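S.K.: 3D model of this:
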Amino acid sequence: MARPADVPLVWLFGEVKTPPFSAEARVEAGFLLRRLQQGETLGLPQSRPMPTIGAGCHELRIPDRSVTWRLVYHVAGDAVVILDVFAKKTEATPQCVLATCRRRLTQYQAATKPRTRR
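M.R.: All right, here's what the predicted structure looks like:
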């Protein structure tokens with residue numbers, strides 16, 4: 001039985017590279033992103049839902065030496081969309097990050113929405 005093709009990653013913002021990520025954290029992020037591309041649903045502790053951003057939005061949690069990285073993503077039907085990458089420094093996600101992710105998600109959905117012919 002053939003496995004369906006991985007969905008692409010669409011990076012709207014951010015990147016995962018060393019530095020600032022350690023090599024280990026970069027590998028962990030890549031491993032988790034590949035699992036998402038293959039259609040797997042991740043749960044805690046690696047990922048948690050972010051419904052305050054929108055339906056299908058989550059954040060990956062990537063522990064690193066002295067920081068915990070967050071990759072905010074949206075699972076669309078045809079892609080995994082990366083909305084933001086940031087170092088988490090407080091318990092709560094900053095409001096500016098939430099607002100920026102909402103804006104990017106809205107823009108992505110508007111740009112990929114099928115157009116109807118009249």
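S.K.: which residues of the chain fall in strands?
M.R.: 9-11, 47-49, 57-63, 68-75, 80-88 (DSSP state E).
S.K.: need those in JSON lines (columns: mean neighbour count).
M.R.: Any C-beta I mention is one placed from the backbone N, CA and C, and that applies to glycine too. Compiled in JSON lines, the strands of the chain are given as follows (neighbours: other Cβ atoms under 10 Å):
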{"stretch": "strand 9-11", "mean neighbour count": "15"}
{"stretch": "strand 47-49", "mean neighbour count": "15"}
{"stretch": "strand 57-63", "mean neighbour count": "21"}
{"stretch": "strand 68-75", "mean neighbour count": "22"}
{"stretch": "strand 80-88", "mean neighbour count": "20"}
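S.K.: closest to T100 out of those?
M.R.: Counting by Cβ to Cβ, T100 lies closest to strand 80-88 out of the strands of the chain; the figure is 6.3 Å.
S.K.: quick one: list the elements packing against that closest one.
M.R.: Packing partners of strand 80-88 (3 or more Cβ pairs under 8 Å, 6 or more residues apart in numbering; DSSP states H and E): strand 9-11, helix 23-37, strand 68-75, helix 95-112.
S.K.: ok, and what's touching the shortest one?
M.R.: Strand 9-11 is contacted by residues 33, 37, 76, 79-82, 108 when judged by Cβ atoms under 8 Å, 6 or more residues apart in numbering.
S.K.: go with 7 Å
M.R.: The contact list for strand 9-11, computed with Cβ atoms under 7 Å, 6 or more residues apart in numbering, reads 33, 37, 79-82.
S.K.: is W11 in a bridge, and if so with what?
M.R.: Here W11 sits in beta bridges with I82, going by DSSP bridges.
S.K.: tell me the confidence at it?
M.R.: Note on W11: pLDDT of 86.
S.K.: where does the chain have low pLDDT?
M.R.: 1-4, 115-118 (pLDDT under 70).
S.K.: quick check, central residue of it?
M.R.: In the chain, the C-alpha nearest the mean C-alpha coordinate belongs to Y73, at 2.2 Å (Cα atoms, centre = their mean).
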